[in-house]
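# sequence and predicted structure below; questions after.
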Amino acid sequence: MQVFKKKYWQLLMSPFSILYKFVMQFRNHLYDIEYKPVFRFDTKIISVGNLSMGGTGKTPFVEYVIRFLIERGYSNKVATLSRGYGRRSKGFRLANDHDLPQTIGDEPFQIYQKFKDHVTVSVGEDRVLAIPSIIYEHPENEVIVLDDAYQHRSVEPNFSVLLTDYNSIFYKDYVLPSGTLRESRMGAERADVVMVTKCPPDLGQDEMQIIRDNISIYTDKSVFFTTIKYKEAVAAMNRRQARKRIILVTGIAYAQKFKEYLSQERFEIMKHFDFADHHVFNSKEINAIERLAEQENADIITTEKDWVRLMSMPELGESFQNKLFYIPIMVQFLEDEESFHRILEDSIIRVE
């Protein structure tokens, strides 16, 4: 029944998708012929983005790139630039110790908390204006990593990474509003590499080849496969281990895989408070979560992105914090990680 409803919606919305597709193709054509201005910078630019709406794992991959650059000697020579989705501020802003998720967005705040001693973190809706501001304020930076910038054609990156979720690969999707694509599948040809994210850890070679063959219809660039590596639960306020009896709290695009991981780790989920991506928590919700945790003698487990939002709330009491844990995640390549490193180095580090 659900499949029928989806097919019916796609059919109903197809005229609007065709119109939107041609509008985006015309827009891309204007950038291709440089009728619309394209800006190039001496500072190396890495773009991480996707064709679709929703979560493909951009922030974990940006963090992966940051770690790679730091290991290659680029500590204090790297900046990140994001729009800062959900923030209450406007315009260009450099992150500092006084910022909160409300002022720069939850994902930039998460990156700042992890890498502030090594990386300049910034937000700004207009990349063309923000990049010169970063260069002016921090001329020591040699690389700028753009988060969610695949459709920002006004800036030409030196290296562009296209992410696509294994569970909804772009070649199976349709342009808005029939599907979730922001532009047609042909947009994949602008990428320097394609990264299939959130793959099952045991993805076989035969299926990898099928995916590569399908992607090759749209681009001849290298295709890599990654999965999510979950780490041990981290306590917000104490050093004890999390109880196995938990209340799950998420405000991310797709929480099912996270929920499945916790079940595999034998956590007993008494209730799942499942909010929309980038959800802004309020006092009523916090009180309800804490009451239930008390009643069930359970701890509260959340994602790292939700944790930074929760911990920034002044009304979050000590009792809640003592029950709160988060699960860090990292990107893990299934194979050919060194090949990706070489391609990235050739495009960014070794190019003078």
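That came in fine, so what should we check first?
# hey, let's count contacts and neighbours off CA atoms from now on
Noted.
# please enumerate the helices of this structure.
Using DSSP state H, the helices of the chain run over 2-32, 58-69, 101-104, 106-115, 127-137, 205-215, 256-264, 283-296, 304-311, 318-323, 337-344.
# reformat these as JSON lines; add mean pLDDT and mean neighbour count.
Below are these laid out as JSON lines (pLDDT from 0 to 100; neighbours: other Cα atoms under 10 Å):
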{"stretch": "helix 2-32", "mean pLDDT": "83", "mean neighbour count": "14"}
{"stretch": "helix 58-69", "mean pLDDT": "96", "mean neighbour count": "19"}
{"stretch": "helix 101-104", "mean pLDDT": "94", "mean neighbour count": "23"}
{"stretch": "helix 106-115", "mean pLDDT": "95", "mean neighbour count": "21"}
{"stretch": "helix 127-137", "mean pLDDT": "97", "mean neighbour count": "17"}
{"stretch": "helix 205-215", "mean pLDDT": "98", "mean neighbour count": "14"}
{"stretch": "helix 256-264", "mean pLDDT": "93", "mean neighbour count": "14"}
{"stretch": "helix 283-296", "mean pLDDT": "95", "mean neighbour count": "14"}
{"stretch": "helix 304-311", "mean pLDDT": "92", "mean neighbour count": "21"}
{"stretch": "helix 318-323", "mean pLDDT": "92", "mean neighbour count": "17"}
{"stretch": "helix 337-344", "mean pLDDT": "96", "mean neighbour count": "14"}
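# mind checking which of those helices is nearest V234?
Closest approach to V234 among those (Cα to Cα): helix 304-311, 9.3 Å.
# now S122, nearest residue through space, not along the chain?
Here the nearest residue to S122 in space, its sequence neighbours aside, is L94; by Cα to Cα, 6 or more residues apart in numbering that works out to 4.4 Å.
# wait, what's in contact with the one you found?
Shown in contact with L94 (Cα atoms under 8 Å, 6 or more residues apart in numbering): 120-123.
# how about the helices of the chain in TSV, adding distance to G179?
As requested, these are exported to TSV (distance: least, Cα to Cα, whole Å):
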stretch	distance to G179
helix 2-32	7
helix 58-69	20
helix 101-104	30
helix 106-115	25
helix 127-137	27
helix 205-215	18
helix 256-264	20
helix 283-296	32
helix 304-311	26
helix 318-323	39
helix 337-344	30
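# of those helices, which approaches N167 most closely?
The nearest among those, by Cα to Cα, is helix 256-264 at 10.3 Å.
# with only the CA atoms kept, save that closest one in PDB.
Taking C-alpha atoms only, helix 256-264 is exported to PDB below (Å, rounded to 0.1, in the frame of the first residue of the first chain):
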ATOM      1  CA  GLN A 256      16.000   4.000  12.000                       C
ATOM      2  CA  LYS A 257      19.600   2.800  11.500                       C
ATOM      3  CA  PHE A 258      20.700   4.400  14.800                       C
ATOM      4  CA  LYS A 259      17.800   2.600  16.500                       C
ATOM      5  CA  GLU A 260      18.700  -0.700  14.900                       C
ATOM      6  CA  TYR A 261      22.300  -0.300  16.100                       C
ATOM      7  CA  LEU A 262      21.200   0.300  19.700                       C
ATOM      8  CA  SER A 263      19.000  -2.800  19.500                       C
ATOM      9  CA  GLN A 264      21.900  -4.900  18.200                       C
END
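# out of the helices of the chain, which gets nearest to V145?
Between the helices of the chain, helix 58-69 lies closest to V145; by Cα to Cα that is 7.3 Å.
# next, the angle from that closest one to helix 106-115.
On the basis of axes from the mean of the first three to the mean of the last three Cα atoms, to 10 degrees, helix 58-69 is oriented at 30 degrees to helix 106-115.
# now helix 58-69 against helix 337-344, angle please.
Using the same axes, to 10 degrees: helix 58-69 against helix 337-344 is 80 degrees.
# now do helix 58-69 against helix 304-311, angle only.
100 degrees.
# ok, residues contacting helix 58-69?
By Cα under 8 Å, 6+ apart, the surrounding residues in contact with helix 58-69 are 48-49, 75, 78, 107, 111, 145, 147-148, 163, 329-331.
# name the member of these with the most neighbours.
L163 (31 neighbours; other Cα atoms under 10 Å).
# and the pLDDT for that residue?
Looking at L163, its pLDDT reads 97.
# in this structure it contacts S47, no?
No. The pair L163 / S47 is not scored as a contact, 10.6 Å apart, by Cα atoms under 8 Å.
# run through who's touching the longest strand anywhere in the chain.
If you go by DSSP state E, the chain has its longest strand at strand 222-230. Defining contact as Cα under 8 Å, 6+ apart, one finds that strand 222-230 is touched by 192-201, 208, 212, 327-336, 340.
# now a PyMOL select for only the buried ones of those residues.
Burial among those is assessed by 16 or more other Cα atoms under 10 Å; the matching PyMOL selection reads:
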select buried, resi 192+193+194+195+196+197+198+199+212+327+328+330+331+332+333+334+340
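# give me the subset of the contacts of strand 222-230 lying in strands.
In strands, defined here by DSSP E, the members of those are 193-197, 327, 329-333.
# determine which two of those are furthest apart.
V193 and I327 (28.4 Å).
# domains for the chain, by residue range?
44-77+142-229+332-349, 234-327 (automatic domain parsing).
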